[in-house]
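Enquirer: Based on what follows, work out the 3D shape:
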Amino acid sequence: MRISLKVIKSALAALFLLLAGAAIAQEMTFPRDELSIRTAAGETHRLSIELAVTDAQRQHGLMYRKEMAPDHGMLFDFGQARRVSMWMENTVLALDMLFLQGDGTISHIKENAVPFSRDIIDSQGPVKFVLEINAGRAKALGIKVGDKAVGKRIGNQW
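Expert: Got it, this is the predicted structure:
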């Protein structure tokens with residue numbers, strides 16, 4: 001079996017573009033901030049977060065990340081309340097997704113989103129923010145629907 005030089009060059013070019021795209025995607029930077037989640041039980045959990053505020057940042061999110069500290073997360077800010085669909089393609093980490101209304105109230109939680117899955121994760125109604133944290137953290141911290149997140153971008157009062 002003979003493979004032409006043209007086929008080999010095309011395959012190498014495609015491989016280069018794939019690897020270069022992944023390398024560029026991993027280099028995306030995100031502004032940092034902090035937020036707190038106050039549970040109905042009166043506990044407050046402080047998180048160091050990265051902000052995904054541009055279309056490019058929201059599309060990239062936590063893709064390709066291999067680890068995240070337990071007290072860290074990423075806040076997706078959609079600018080206005082709307083129905084949101086997310087997925088886990090190219091996301092190595094299992095995540096909990098907290099869907100937040102404009103005032104920071106948690107309206108829906110998707111626990112243990114499966115890494116690399118293309119299944120759509122729906123907000124189940126209009127939300128302005130999505131907070132992604134390590135899988136299992138919402139349960140471990142006792143975070144439930146109705147609890148509230150507060151930070152510079154989200155509601156400034158309890």
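
Enquirer: is the residue nearest in space to the middle of the chain in a bridge, and if so with what?
Expert: Geometric centre of the chain, nearest residue: Glu132, 4.4 Å, by CA atoms, centre = their mean. Taking DSSP bridges, one obtains Met74, Met97 as the residues bridged to Glu132.

Enquirer: which residues of this protein score low on pLDDT?
Expert: Low-confidence segments of the chain, defined by pLDDT under 70: 1-26, 156-158.

Enquirer: show me where it has helices.
Expert: Along the chain, the stretches classed as helices by DSSP state H are 5-26, 55-60, 137-141.

Enquirer: Which positions within the last one qualify as buried?
Expert: By neighbour count, and taking 16 or more other CB atoms under 10 Å as the criterion, the buried residues in helix 137-141 are Arg137, Ala138, Leu141. Every residue, glycine included, has its C-beta placed from N, CA and C.

Enquirer: What lies in contact with that helix?
Expert: Residues from elsewhere that reach helix 137-141, judged by CB atoms under 8 Å, 6 or more residues apart in numbering: Ile37, Thr39, Glu43, His45, Pro70, Asp96, Leu98, Ile109, Glu111, Ile143, Lys144.

Enquirer: okay, now the residue nearest to Gly155 when sequence neighbours are not counted: neighbour count?
Expert: Once flanking residues are discounted, Gly155 sits nearest to Gly104: 4.0 Å by CB to CB, 6 or more residues apart in numbering. Counted with other CB atoms under 10 Å, residues neighbouring Gly104 total 24.

Enquirer: thinking Gly104 is in contact with Lys152, fair?
Expert: No - using CB atoms under 8 Å, Gly104 is not in contact with Lys152, being 11.3 Å away.

Enquirer: Contact partners for the residue nearest to Leu98 when sequence neighbours are not counted?
Expert: Using CB to CB, 6+ apart and skipping the chain neighbours, the partner closest in space to Leu98 is Leu131 (4.3 Å). Residues in contact with Leu131 (CB under 8 Å, 6+ apart) are Leu35, Leu47, Ile49, Gly73, Met74, Leu75, Phe76, Met97, Leu98, Leu100, Ala149.
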